[in-house]
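could you look at this predicted model? Sequence included:
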Amino acid sequence: MLNMGGPRNASEVNSYLKGIFLDRDIMRLPFQDTLGNFIANKRTSKVQHEYELIGGGSPLEKFSLIQGQKLVENLDSISPETGPHKAYLGFRYNEPTTKTAIQQIIKDDVKNVIAFSQYPQYSCSTSGSSFNDLYKLQKQLDPKQSIKWSFIDRWGTDPLFVKYYSDAIQKSLGKLDPSVRDSVPILFSAHSVPLYVVLKGDSYANEVGASVGCVMRELRDRGVVNPYKLIWQSQVGPLKWLGPATDEVIKKYGKEGVYKDLVVVPIAFTSDHIETLYELGIEYRDLANSVGIKNFVVVEPPNGNETFTNCITNIVHKQMQNSKRMNYQILSRCFDCDSEQCGITKNWIKAQLSSLL
Ligand SMILES: C=CC1=C(C)c2cc3[nH]c(cc4nc(cc5[nH]c(cc1n2)c(C)c5CCC(=O)O)C(CCC(=O)O)=C4C)c(C)c3C=C
Ligand SMILES: [Fe+2]
Ligand SMILES: [Fe+2]
């Protein structure tokens with residue numbers, strides 16, 4: 001279960017940020033080693049403070065463990081012939097890292113592994129970075145390539161993923177006064193990417209749009225016809241990022257004064273972390289209240305929800321039944337960005353595929 005990870009306490013924030021700012025799949029900086037370390041050091045106390053406000057650390061590991069445990073229980077029960085199954089967390093910037101996971105996989109003598117990106121929508125900067133990291137590590141730690149890998153790289157339109165968010169939005173709308181319930185804007189807020197990432201062909205923005213389209217179609221079928229918008233949060237630094245920016249949209253609604261309630265949906269996240277708990281739950285809620293929005297309702301991301309754990313179970317189960325087909329899809333898909341790095345992933349998958357056929 002590949003994901004970015006999050007600092008579990010204040011002392012892990014600095015190395016976590018260094019991991020992000022030194023990762024050339026997420027950003028390219030001049031003199032990256034020096035500048036990346038410099039920026040990470042500069043941001044450490046600000047980010048530490050934000051984690052303090054949400055309980056001291058990222059809850060990502062806690063929720064990932066719950067999701068992984070439920071996934072394994074479900075698989076053992078619906079597919080005992082392929083079991084026993086085991087979930088390994090592979091984080092990009094924090095323990096338990098992908099390296100720790102592969103070392104454990106080797107110790108456990110497991111030979112068939114599904115690398116399952118926990119980002120529903122693909123971006124070369126997130127899932128791509130994790131797959132590239134995995135590629136380098138497996139070459140180093142398993143030089144004879146004794147482990148057979150298959151890959152799940154995107155699943156943002158999966159029916160149960162769509163159901164989870166449709167149910168959660170309806171539940172949040174249900175908390176609002178009936179007089180405004182049908183007219184409150186639903187704001188889907190996803191982590192932004194720099195514009196150059198979109199221009200080079202990264203599919204994340206389109207895939208987030210596809211998730212939003214599926215959820216809104218499902219809601220319309222249930223009779224929910226509220227206005228909605230896709231907006232983008234968490235822009236860092238001086239680059240031009242994909243907009244409209246979440247804070248600007250909140251300010252605009254405040255200035256117009258038409259709506260006093262907003263429902264915000266973190267559609268690109270599968271569990272709570274700093275973006276949902278601090279940025280939406282504290283920073284943007286304060287902003288919304290200060291511009292006259294009374295109710296700023298943040299829809300809860302999947303966390304330990306059963307519809308969601310059934311969703312990831314189905315995805316993995318189908319992958320085990322159809323691994324050749326799924327591998328082939330990935331082979332034709334990491335043409336997203338044209339980068340050398342993703343080419344490595346592509347060639348690796350090609351090698352895996354030819355050994356399967
Ligand atoms: C879910 C999708 C995400 C995409 C796409 C993404 C792209 C992306 N991110 C940065 C820069 C930073 N991201 C940071 C934190 C962060 N990013 C995501 C998710 C996506 N990023 C999450 C879930 C988190 C936070 C995790 C947590 O701590 O709980 C940070 C660090 C935070 C900070 O310094 O304020 C940076 C920097 C870029 C440049 C990028 C696309 C190229
Ligand atoms: Fe990010
Ligand atoms: Fe790519």
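Perfect, I can see it now. Numbering: from 1, shown residues only. Ligands and ions are numbered 1, 2, ... in the order given.

report pLDDT for the closest residue to Ser117 other than its chain neighbours.
With sequence-adjacent residues excluded and distances taken as C-beta to C-beta, 6 or more residues apart in numbering, Ser117 is closest to Ser127, at 4.0 Å. Every C-beta, even on glycine, is put in place using the N, C-alpha and C of the backbone. Each residue has a pLDDT score; the one for Ser127 is 91.

next: Glu275.
pLDDT, Glu275: 87.

can you tell me which residues contact the nearest residue to it once chain neighbours are set aside?
Spatial nearest neighbour of Glu275, excluding adjacent residues (C-beta to C-beta, 6+ apart): Ser234 at 5.6 Å. Residues near Ser234 by C-beta atoms under 8 Å, 6 or more residues apart in numbering: His191, Ser192, Glu275, Glu279.

and ligand 3, which of these contact it?
By C-beta under 5 Å from the ion, no member of these lies near ligand 3.

as JSON lines, these with distance to ligand 1 and secondary structure would be great.
Shown next, in JSON lines, are those (distance: C-beta to the nearest ligand atom, whole Å; DSSP: H, G, I helix; E, B strand; the rest coil):
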{"residue": "His191", "distance to ligand 1": "4", "secondary structure": "strand"}
{"residue": "Ser192", "distance to ligand 1": "8", "secondary structure": "coil"}
{"residue": "Glu275", "distance to ligand 1": "5", "secondary structure": "helix"}
{"residue": "Glu279", "distance to ligand 1": "9", "secondary structure": "helix"}
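
most widely separated two among those residues?
Maximum pairwise distance among the contacts of Ser234 (C-beta to C-beta): 11.5 Å, between Ser192 and Glu279.

which bits of the stretch 251-357 of the chain sit near ligand 1?
Residues of the stretch 251-357 of the chain found near ligand 1, taking C-beta under 6 Å from any ligand atom as the criterion, are Ala268, His273, Ile274, Glu275.

my guess is the residue nearest to Ser117 contacts Gly156. True?
No - taking contacts as C-beta atoms under 8 Å, Ser127 lies outside contact range of Gly156: 10.9 Å.

from the stretch 1-150 of the chain, which residue is nearest to ligand 3?
Nearest residue of the stretch 1-150 of the chain to ligand 3: Cys124, at 3.4 Å (C-beta to the ion).

which of the three states applies to that residue?
coil (DSSP: H, G, I helix; E, B strand; the rest coil).

separation between it and Asp286?
33 Å (C-beta to C-beta, to the nearest Å).

name the residue in those two with the higher neighbour count.
Cys124 (26 against 11; other C-beta atoms under 10 Å).

tell me the confidence at that one?
88.

anything in stretch 41-60 near ligand 1?
Yes - applying C-beta under 6 Å from any ligand atom, one finds stretch 41-60 touching ligand 1 at Arg43, Val47, Ser58, Leu60.

how far off centre is that stretch?
Between the centre of stretch 41-60 and the centre of its chain there are 19 Å (C-alpha atoms, centre = their mean, to the nearest Å).

much appreciated, bye for now.
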